[in-house]
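Enquirer: give me a model of this one.
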Amino acid sequence: MVLYKLEDFEPSYRDTFEGHDIKGLGVYTQGTDEKIGTVSDVLVDEEGHFRYLVLDLGFWIFGKKVLLPIGRTRIDYGVDRVYTVGLTREQAENLPEFNERQSLDYDYEERVRGVYRQPTDYVPVEASAALDPLAPPVAPPVAPLPTTPSQSRDSYTYENEPSLYGLNEQDHQTLRLYEERLIASKRRQKTGEVTIGKHVETDTARVAVPVERERVVIERVTPADAGTAVSGREADFREGEVARIEIHEETADVRKEAFLREEVRVRKVVDQDTVETQETVRREELDVNSGNLPVEER
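Expert: This is a model prediction of the structure:
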């Protein structure tokens, strides 16, 4: 069974206790009201259930720490104290020392549980040496104290011993106050669609084409030897003589040809925005009706 320090398991544990911090509370014996030490930490199991209070006895030179099962405590936040149930200061001093640097195994927990099950049957080495300084050193017991029937190393659970690990209503009274909170989530929905197609538009295009046209130019000029007599043979008078000249011109030959004008690329982009919404939430508040009795609320 693996145990964790409370702050390692849940860093925001103070919010659960409405700002209260169990660490640092003084630990006192019930009835005699004698201070034993201070809560230095809390050990919880894998499900977050309180199992032990780490008790700093405080009167040892190096600060001896021991484990106090949660079922043997009564937490009173009204006076910022933790009271032990059925544990004296002397018994607390005789508990096996808790070392944070060593693993917390089943055998060590059995030694701790054995003190609470049979506190008179366990005499630590320190106590026996104090009773008889000349006595030879006695090795601490290796084998754990026997568990209750039907319990073993593999089958043991904390629920088997509610007297050690149970939170009874008498010593741990709790009134839970609830409140509503807004839980924001996102839902993807279709808002529409964009259709992209193409159509043909008709327009009139104009183009200028330079062309050539032939024409006949008749020029009449007076030769330099005009007025000079010519012989009859040279002067050949004939009627009906015709000179022919072909006339040509260019015409515009226009044809249509398709060319690629542009490309249209279609894609989607995501724009991010923040949408604020509000809703009415409920919260339970504490009503205290004590009549004329003095009540201190912290």
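
Enquirer: list the buried residues for stretch 189-200?
Expert: For stretch 189-200, the neighbour count (16 or more other CB atoms under 10 Å) marks no residue as buried. For the C-beta atoms, the positions are set from N, CA and C on the backbone; glycine is no exception.

Enquirer: hmm, who's touching that stretch?
Expert: For stretch 189-200, contacts defined as CB atoms under 8 Å, 6 or more residues apart in numbering pick out Val264, Val266.

Enquirer: mean confidence for that stretch?
Expert: Rounded to a whole number, the mean pLDDT of stretch 189-200 is 89.

Enquirer: poorly predicted segments of this protein, please.
Expert: Where the chain drops to pLDDT under 70, the residues are 16-19, 59-63, 118-151, 168-178, 241, 298.

Enquirer: compute the number of surrounding residues for the closest residue in space to Glu180 that isn't next to it in sequence.
Expert: Residue nearest to Glu180 in three dimensions, not counting chain neighbours: Val281, with 3.9 Å by CB to CB, 6 or more residues apart in numbering. Per other CB atoms under 10 Å, the neighbour tally for Val281 reads 9.

Enquirer: which residue ranges form the helices in the stretch 1-150 of the chain?
Expert: Counting by DSSP state H, counting those that start in this stretch, one finds helices in the stretch 1-150 of the chain at the ranges 6-9, 13-16, 89-93, 106-117, 125-131.

Enquirer: give me whichever of the ones you listed is most buried.
Expert: helix 106-117 (a mean of 19; mean count of other CB atoms under 10 Å).

Enquirer: elements contacting it?
Expert: strand 65-69 (3 or more CB pairs under 8 Å, 6 or more residues apart in numbering; DSSP states H and E).

Enquirer: ok and the strand it packs on relative to helix 106-117, angle-wise?
Expert: 70 degrees (axes from the mean of the first three to the mean of the last three CA atoms, to 10 degrees).

Enquirer: which residues does strand 65-69 contact?
Expert: Here strand 65-69 has contacts from 27, 40, 43, 51-57, 84, 87, 92, 95-100, 109, 112-113, 116, 164-165, using CB under 8 Å, 6+ apart.

Enquirer: one more time with 6 Å, if that's ok
Expert: Tyr52, Leu53, Val54, Leu55, Asp56, Leu95, Phe98, Val112, Leu164, Tyr165 (CB atoms under 6 Å, 6 or more residues apart in numbering).

Enquirer: thanks again, I'm all set now.
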